[in-house]
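J.: Attaching a predicted model along with its sequence, questions to come.
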Amino acid sequence: MERHTRFVILAALPEGKVSEHVVTQLTTMMGWLPRRLLASLTWDQGSEMARHAQFTIATGCPVYFCDPHSPWQRGTNENTNGLLRQYFPKGRTDFRTISQTDLDAVADQLNARPRETLGWDTPGERMAQLLGVATTN
């Protein structure tokens with residue numbers, strides 16, 4: 001889904017990157033998507049996904065881990081991280097202090113931003129197209 005839409009979903013982590021909390025937040029955030037769009041989740045080697053099996057059981061979405069020091073295996077994620085740094089500068093942002101409301105506002109802005117890689121469509125437009133197809137089959 002993310003490679004076709006570049007759609008951004010952000011989850012607040014007021015408890016930090018504790019695995020149990022991360023998995024709970026991801027499960028909640030992914031809950032609004034139709035199951036057929038949950039093909040897989042690619043993650044780096046961070047310990048925050050130590051409980052990835054719980055996420056997979058709850059969502060039916062398998063988690064794949066990138067090789068260490070291989071950012072090209074998560075290209076869209078790396079690009080999105082760069083876009084997010086425009087809002088949340090690296091080294092100066094404590095993500096535990098950012099509310100879900102604030103993250104939703106940033107996600108809305110990014111999802112309304114035309115992307116060259118999408119033929120100048122927005123991620124929101126592409127997601128709407130995908131959900132229309134996914135929910136009518």
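T.: Nice, thanks for sending it over.

J.: Output the contacting helices and strands for the top helix by length along the chain.
T.: When the chain is parsed with DSSP state H, its longest helix is helix 123-136. With contacts taken as 3 or more CB pairs under 8 Å, 6 or more residues apart in numbering; DSSP states H and E, helix 123-136 sits against helix 2-5, helix 100-111. Every residue, glycine included, has its C-beta placed from N, CA and C.

J.: Which of the ones you listed comes out lowest on mean pLDDT?
T.: Here the lowest mean pLDDT among these goes to helix 2-5, at a mean of 77.

J.: following that one, which helix or strand comes up?
T.: Where DSSP states H and E defines the elements, the next helix or strand beyond helix 2-5 is helix 19-30.

J.: ok now the helix or strand just after that next one, how far from the chain's centre?
T.: Later in the chain than helix 19-30, the nearest helix or strand by DSSP H and E is strand 41-43. Mean-position distance between strand 41-43 and its chain equals 9 Å (CA atoms, centre = their mean, to the nearest Å).

J.: what mean pLDDT would you report for the longest helix of the chain?
T.: 78.

J.: What are the buried residues along it?
T.: By 16 or more other CB atoms under 10 Å, the buried positions in helix 123-136 come out as Pro123, Gly124, Glu125, Arg126, Met127, Leu130, Leu131.
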